[in-house]
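Student: take a look and give me a structure for this.
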Amino acid sequence: SSPRPTPTSPAAMGERKVLNKYIPPDFDPSKIPRSKAPRGAKNGQIKVRMMLPMTICCNTCGEFIVKGTKFNARKEDVVGEDYLGIRIFRFYFRCTRCSAELAMKTDPKNSDYVVEAGASRNYEMWKDTTEDDEAKAKAMDEAGNEMRALENRTEESKREMDIMAALDEMRSLNARHAGVSNADALRAISSAAKTEDKLAAERDAATARAIFNEQRANFVKRLDSESDDGSGSDDDAAKAKKSRVEDAPKVSVVVKRPTVAVKAKVKPKAASPPPAAGLGGILGDYGSDSQS
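Tutor: Presented below is the predicted three-dimensional model:
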């Protein structure tokens, strides 16, 4: 039998830094059970680590806890309270001196926090002074200038319209996300990936086609010879040969024949008989010369 792999052997170890995970084709995210509550959660409360957003004074021992103090808190949703669809959270923490429980909650309307129980918030002069100063300066500026008052009202109405548009967009986004399941999200991602792959393949095919056509224009077509295709019939070969002969350019050919000197044969004349002696011989010779 083969030895059992040890925890440190390559057969038992997996990749530590996994970038890609296998997803089977029959994977159905809707069948995944809901995850349990976060570790340490109790009665809908979650333990968080946060910093104190303002300076407070403990009502039990009078200890001042300054802004920026880090502490562990329990966070929960405030039931039945919200601001324009924005949830409000409550935090429970303890005093650093007497361990009395303190509570505060968020205030999304003013972008601030409100102390609920166990402590009181210190008076922050710069907040009230800034608000009053801005109101007084604005009233004094608009007192003798109607155009300035009109501009301020226009800016305020525009700001309110922008805020309402942003809130409507957030509500529609939350409603859309609330009705989208994991299967729909995976289906949308896969369809987008397939569409992108298809477009990329079409672009590659168009590029390859253009390059092929450009190179094909520079090619010189070669005439097929009889030995290129041995499977054709004799008629096809004859037709191809005839077309090649007809397509060939006309060439004029001049043939020079060698001149041969011909010697005429002269027939030898027959030897004339010797002349006869006397007058008869002379006459006979005369007659032969006249005939000739």
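Student: who touches the nearest residue to Pro29 once chain neighbours are set aside in this structure?
Tutor: Spatial nearest neighbour of Pro29, excluding adjacent residues (Cβ to Cβ, 6 or more residues apart in numbering): Asn182 at 3.7 Å. For glycine as for every other residue, the C-beta is placed from the backbone atoms N, C-alpha and C. Shown in contact with Asn182 (Cβ atoms under 8 Å, 6 or more residues apart in numbering): Pro29, Ser30, Ile32.
Student: count of neighbours near the last one?
Tutor: Around Ile32 there are 9 other residues, counting by other Cβ atoms under 10 Å.
Student: now the closest residue to it other than its chain neighbours: how far from Pro25?
Tutor: Computed as Cβ to Cβ, 6+ apart, the closest residue to Ile32 that is not its neighbour in sequence is Asn182, at 7.4 Å. Noted for Asn182: a distance of 16 Å to Pro25, by Cβ to Cβ, to the nearest Å.
Student: where does the stretch 1-150 of the chain dip in pLDDT?
Tutor: Within the stretch 1-150 of the chain, the segments meeting pLDDT under 70 span 1-15, 35-43, 125-131.
Student: now do the helices in the stretch 51-200 of the chain.
Tutor: 125-143, 146-178, 182-217 (DSSP state H, counting those that start in this stretch).
Student: now these in TSV, with distance to Met54?
Tutor: Formatted as TSV, the helices of the stretch 51-200 of the chain follow (distance: least, Cβ to Cβ, whole Å):
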stretch	distance to Met54
helix 125-143	10
helix 146-178	25
helix 182-217	40
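Student: least reliable of those by average pLDDT, please.
Tutor: Ranked by mean pLDDT, the helices of the stretch 51-200 of the chain end with helix 125-143 in last place, scoring a mean of 74.
Student: paired strands for the strand or helix carrying Ile46, with orientation please.
Tutor: Here Ile46 sits within strand 46-51, counting by DSSP states H and E. If you go by DSSP bridges, strand 46-51 pairs up with strand 70-83 (antiparallel).
Student: export the partner strand to PDB, keeping only CA atoms.
Tutor: C-alpha atoms of strand 70-83 as PDB (Å, rounded to 0.1, in the frame of the first residue of the first chain):
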ATOM      1  CA  LYS A  70     -10.900  54.700  20.800                       C
ATOM      2  CA  PHE A  71     -13.200  52.100  22.300                       C
ATOM      3  CA  ASN A  72     -15.100  48.900  21.600                       C
ATOM      4  CA  ALA A  73     -18.800  49.400  21.000                       C
ATOM      5  CA  ARG A  74     -22.000  47.400  20.200                       C
ATOM      6  CA  LYS A  75     -23.800  48.600  17.100                       C
ATOM      7  CA  GLU A  76     -27.500  48.000  16.300                       C
ATOM      8  CA  ASP A  77     -30.200  49.400  14.000                       C
ATOM      9  CA  VAL A  78     -32.700  51.800  15.500                       C
ATOM     10  CA  VAL A  79     -36.100  50.200  15.000                       C
ATOM     11  CA  GLY A  80     -38.700  52.400  13.500                       C
ATOM     12  CA  GLU A  81     -36.500  55.400  12.800                       C
ATOM     13  CA  ASP A  82     -34.900  56.500   9.600                       C
ATOM     14  CA  TYR A  83     -34.300  59.700   7.600                       C
END
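Student: buried ones in that strand?
Tutor: The neighbour-count check on strand 70-83 (16 or more other Cβ atoms under 10 Å) flags Phe71, Ala73, Arg74, Lys75, Glu76 as buried.
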